[in-house]
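Chemist: After the sequence you'll find the predicted model.
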Amino acid sequence: MTNSVDGWKPTFENAKYMVHQKDWDLFGARINTEPFEYLKEQVYPLLGLGLLNFFSTDINLTEKFQPSKHPVIHRDIQAC
């Protein structure tokens with residue numbers, strides 16, 4: 001998210017943001033606690049804009065890029 005004169009807007013307007021469901025369940029529940037308050041400003045608005053996509057199984061984003069098959073606490077994938 002980028003802070004503009006009109007408020008916060010997605011930095012990459014054509015991007016889809018991918019978040020593992022387990023990560024969202026863990027960190028989303030802490031949205032009002034330090035150090036996770038940034039989620040309210042930087043990540044949660046993406047959900048309301050329909051830009052935040054959750055996945056919970058192994059997925060292939062492209063032939064050359066596949067998320068790790070082992071649990072990862074935080075993933076941030078952007079595609080422009």
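Modeler: It's in.

Chemist: Could you use CA atoms for every contact and neighbour count after this?
Modeler: OK.

Chemist: Check what pLDDT residue 38 gets.
Modeler: Looking at residue 38, its pLDDT reads 83.

Chemist: Could you find the closest non-adjacent residue to it?
Modeler: Nearest non-adjacent residue to residue 38, counting by C-alpha to C-alpha, 6 or more residues apart in numbering: residue 31, 7.7 Å away.

Chemist: repeat for residue 39
Modeler: residue 31 (5.9 Å).

Chemist: my guess is the one you found meets residue 42, correct?
Modeler: No - using C-alpha atoms under 8 Å, residue 31 is not in contact with residue 42; the gap is 10.8 Å.

Chemist: what's the longest helix in this structure?
Modeler: helix 21-28 (DSSP state H).

Chemist: What residues sit buried inside it?
Modeler: 22, 23, 24, 27, 28 (16 or more other C-alpha atoms under 10 Å).

Chemist: show me what contacts the fourth one?
Modeler: Just to be clear, that refers to residue 27. Residues near residue 27 by C-alpha atoms under 8 Å, 6 or more residues apart in numbering: residue 36.

Chemist: ok, 6 Å please
Modeler: By C-alpha atoms under 6 Å, 6 or more residues apart in numbering, no residues touch residue 27.

Chemist: Quickly note the distance from it to residue 54.
Modeler: For residue 27, the distance to residue 54 (C-alpha to C-alpha, to the nearest Å) stands at 13 Å.

Chemist: Find residues that contact each of the two.
Modeler: With C-alpha under 6 Å, 6+ apart, residue 27 and residue 54 have no common neighbours.
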